[in-house]
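Asks: give me a 3D structure for the following:
(one chain, ligands or ions: 2)
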Amino acid sequence: MNQLTTPLIAHIPGSKSITNRALLLAAASAGDTRLSAPLISEDTLAFRTALTDLGIRITDADTGWDVRGGGRGPTVGATTSVACADAGTAARFLPPFAATGRGEFVFDGSDQLRARPLRPLVDALGALGARVSCGPAGALPLTITADGLDGGDLDLDSSFSSQYLTGLLMAAPLMRRALTVRAKALVSRPYIDMTLALMRHFGATAEEHGDGTITVRPGGYRAADLTVEPDASTASYVFAAAAVTGRSVTVPGLGGTSLQGDLGFAHVLRRTGAHVTVTDAGTTVTGSPDGALTGGFAVDMGDISDTFMTLAAIAPLADAPITIHGIGHARFKESDRIEAVARNLGALGIRTEQGPDRITIHPGATGPAAIACYRDHRIAMAFSVLGLRAGGITLDDPSCVGKTFPGFHAELRRLFPDHTTPQGI
Ligand SMILES: O=C(O)C1=C[C@@H](OP(=O)(O)O)[C@@H](O)[C@H](O)C1
Ligand SMILES: C=C(OP(=O)(O)O)C(=O)O
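Replies: Ligands and ions are numbered 1, 2, ... in the order given. Model prediction:
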């Protein structure tokens, strides 16, 4: 192996989705949980602070965090405000947990988070017996006057997000009766598989029926230590960087046993000509020589929509158009991500066509441009990868990567010191 083919070892922090699920499940468990290698970023620190505000004791430890679970939903005397910052997982996972407790809770968040839909979750909590109200737009601020939750049967609109279902499922073992949920038009299904696997890790009983409904029985959780694997959504950026530079990048600890559907992005890169190996020890992506990318295909990224921007941002380097579809729900996240990608590619001189749930990107030389991040960490990180090949790319808000990867710019520079990274960072 020469220097160019020797794999670069990427340092990718823990999964945001696993960290925040494990924090909540540990908080709901009877006993102490050691959560090792958690992600430390704005989203997970906001989630930790929110649980602390709900009375959960979380302390720093040598390998991560120690959580002393209460074995039930939170009980508060006075009205308790819970800040969710920009974290969609906090806004969707914490209210059902609180509703199984006692007292009044007011959940709120940033303007960005206040713009993201909550109505299906509000309706579901009301149907389960909670006294709940939300803002005029069917979003935050959300007020719950909790006195436990009954459980029962529920139809849940899951077309905007899978997170409502995750929040309700994780609260279900704390409800008075079994919960059976029929999720309609469910998106991002791999995140439900992750939820169920982690619930079972903490001792819950969840049954998946043939018709897609899920039944969770009461009985609470038991504490169970957990080590968080590296974040597969974050790994998409270094895997794409390997593809566009022709280098080889390995992410140790993210492999065949992963709970994360976004590892599927590595297989999407295979379609561009990259070589991918996934073992239980980790995943390695090796780009074609000189970073040549094969286009001329369409791909459904509905299950792994957080990574569609990573592919879209490098698609101008391909030899033929790439169409990404199944991603309509990505319009309701930190930004309207299809529109954000289209506008930024347009600013770079790249032709795109978009539909409600899709975008087609045409190849072309990219000119210099200041990327409008829309305070969306994934827009900033995805276009930084393009910047490795296309000089003259700057970011209007480089620090927005702090939501899930505060060390992103430093790691990209460390891995690719000979390539350009967005100026001003
Ligand atoms: O459950 C989770 O941890 C997540 C689910 C996904 O959201 P949607 O279910 O809204 O697609 C994903 O975009 C988000 O980054 C994390
Ligand atoms: C959508 C995302 O996060 P969340 O929904 O947890 O805010 C994301 O990380 O891309």
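
Asks: CA atoms for contacts and neighbours, from now on please.
Replies: Will do.

Asks: identify the spatial nearest neighbour of whichever residue of the chain sits closest to ligand 2, chain neighbours not counted.
Replies: Here the chain gets closest to ligand 2 at one residue, residue 88, 3.4 Å apart by CA to the nearest ligand atom. Excluding the flanking residues, the one nearest residue 88 by CA to CA, 6 or more residues apart in numbering is residue 113, at 6.8 Å.

Asks: mind listing what's buried along whichever helix or strand the one you found is part of?
Replies: Secondary-structure element containing residue 113, defined by DSSP states H and E: helix 111-114. Neighbour counts over helix 111-114 (16 or more other CA atoms under 10 Å) mark 112, 113, 114 as buried.

Asks: residues contacting the second one?
Replies: Contact partners of residue 113, counting by CA atoms under 8 Å, 6 or more residues apart in numbering, are 85, 86, 87, 88, 140, 334.

Asks: ditto for the last one
Replies: Going by CA under 8 Å, 6+ apart, residue 114 touches 108, 139, 140, 141.

Asks: make TSV out of those residues and add pLDDT, neighbour count and secondary structure.
Replies: Below are the contacts of residue 114 laid out as TSV (pLDDT from 0 to 100; neighbours: other CA atoms under 10 Å; DSSP: H, G, I helix; E, B strand; the rest coil):
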residue	pLDDT	neighbour count	secondary structure
108	97	23	strand
139	94	22	coil
140	97	25	coil
141	97	22	coil
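
Asks: and which of these is nearest residue 26?
Replies: residue 108 (22.7 Å; CA to CA).

Asks: ok, now how distant is that closest one from residue 354?
Replies: Shown here: residue 108 relative to residue 354, a distance of 33 Å by CA to CA, to the nearest Å.

Asks: and if you look at residue 75?
Replies: In terms of CA to CA, residue 75 sits 47 Å off from residue 354.

Asks: comparing the two, which residue is more hemmed in?
Replies: Neighbour count, other CA atoms under 10 Å: between residue 75 and residue 354, residue 75 has more, with 21 against 16.

Asks: the more buried one contacts residue 102, correct?
Replies: Yes: look at residue 75 against residue 102 with CA atoms under 8 Å: they come within range, at 4.5 Å.

Asks: now render the buried residues of helix 111-114 as JSON lines, adding distance to ligand 1 and pLDDT.
Replies: JSON lines is the format used below for the buried residues of helix 111-114 (distance: CA to the nearest ligand atom, whole Å; pLDDT from 0 to 100):
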{"residue": "112", "distance to ligand 1": "14", "pLDDT": "97"}
{"residue": "113", "distance to ligand 1": "12", "pLDDT": "97"}
{"residue": "114", "distance to ligand 1": "14", "pLDDT": "97"}
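
Asks: how about TSV for those, with distance to residue 122 added?
Replies: Shown next, in TSV, are these (distance: CA to CA, whole Å):
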residue	distance to residue 122
112	19
113	15
114	14
